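Enquirer: 3D model of this:
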Amino acid sequence: MSATFTSTYSRTHTAKYVSDKMRNVLKYLISYYNLSPVALLDAWTDWVDAGARELLERSDLEKIVIEFYKPGSADASGRWDFPIRYDGNGVDEMWVDREFLEGSFAKTSTPPAGCIYRVLLVPRAGAALPGNMSWTSFKSLGSLVRREAGTIVSTPDIMASMAYYK
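Expert: All right, here's what the predicted structure looks like:
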């Protein structure tokens, strides 16, 4: 006798998973830099989660960005990009590579004292913005250079990778 097991994930399920895991990744990053994650968690509750989920469900979220900067400055002291792909891993499993994440954090410089941060959701060109979002500009990167890091969140149909600016 043989048994067959199948499982399926809907885009709603994977969008929720990716949004939740990205919140955790950002919280971990912020804490790694010895900053308070309270502003992140407040923003996530107020608008980020709903906006990210809606864009993820429509395949319209291009990336999530976190910028570290001094209040009033037009320049970023540090930045992390989390590009989103909609090709997935093709396997019925979902994971976060925490070891890889920790190793990547160790390669970066801690933002200078007095820095704060902000989270930005970047929709694909032409995508309709969720009702709770508006357009804004990135902080200037100055001499910061982008470094690709790799995949950190994987699901059957959505993947998130990361890059940092140093």
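Enquirer: alpha carbons only for contacts and neighbour counts from here, please
Expert: Will do.
Enquirer: Nearest spatial neighbour of I84, chain-adjacent residues omitted?
Expert: The shortest distance from I84 to any non-neighbouring residue, by Cα to Cα, 6 or more residues apart in numbering, is to A160 (4.6 Å).
Enquirer: What's opposite that neighbour in the beta bridge?
Expert: Residues in a beta bridge with A160, per DSSP bridges, are I84, V153.
Enquirer: Spit out the contact partners of it.
Expert: Residues near A160 by Cα atoms under 8 Å, 6 or more residues apart in numbering: V18, F82, P83, I84, R85, T151, I152, V153, S154.
Enquirer: what pLDDT does K139 get?
Expert: In this model, K139 is scored at 97, pLDDT.
Enquirer: before we move on, back to that, for the contacts of A160, which one is nearest L26?
Expert: Nearest to L26 out of those is F82 (Cα to Cα; 9.9 Å).
Enquirer: ok, so what distance separates that closest one from S36?
Expert: Going from F82 to S36 by Cα to Cα, to the nearest Å gives 20 Å.
Enquirer: More neighbours: which of these two?
Expert: Taking neighbours as other Cα atoms under 10 Å, F82 and S36 compare with F82 leading, 25 against 14.
Enquirer: Look up how far V25 lies from the more buried one.
Expert: Using Cα to Cα, F82 is found at 10 Å from V25.
Enquirer: Then T108?
Expert: Distance from T108 to V25, by Cα to Cα: 15 Å.
Enquirer: Between the two, tell me which one has more neighbours.
Expert: Per other Cα under 10 Å, whichever of T108 and V25 has more neighbours is V25, with 19 against 14.
Enquirer: Which residue ranges of this structure form strands?
Expert: 61-69, 78-85, 95-96, 116-123, 146-154, 159-165 (DSSP state E).
Enquirer: Could you dump the contacts of A160 into JSON lines with distance to A52 and pLDDT added?
Expert: Converted to JSON lines, the contacts of A160 look like this (distance: Cα to Cα, whole Å; pLDDT from 0 to 100):
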{"residue": "V18", "distance to A52": "9", "pLDDT": "96"}
{"residue": "F82", "distance to A52": "12", "pLDDT": "97"}
{"residue": "P83", "distance to A52": "13", "pLDDT": "98"}
{"residue": "I84", "distance to A52": "11", "pLDDT": "97"}
{"residue": "R85", "distance to A52": "14", "pLDDT": "95"}
{"residue": "T151", "distance to A52": "18", "pLDDT": "91"}
{"residue": "I152", "distance to A52": "17", "pLDDT": "93"}
{"residue": "V153", "distance to A52": "15", "pLDDT": "93"}
{"residue": "S154", "distance to A52": "16", "pLDDT": "91"}
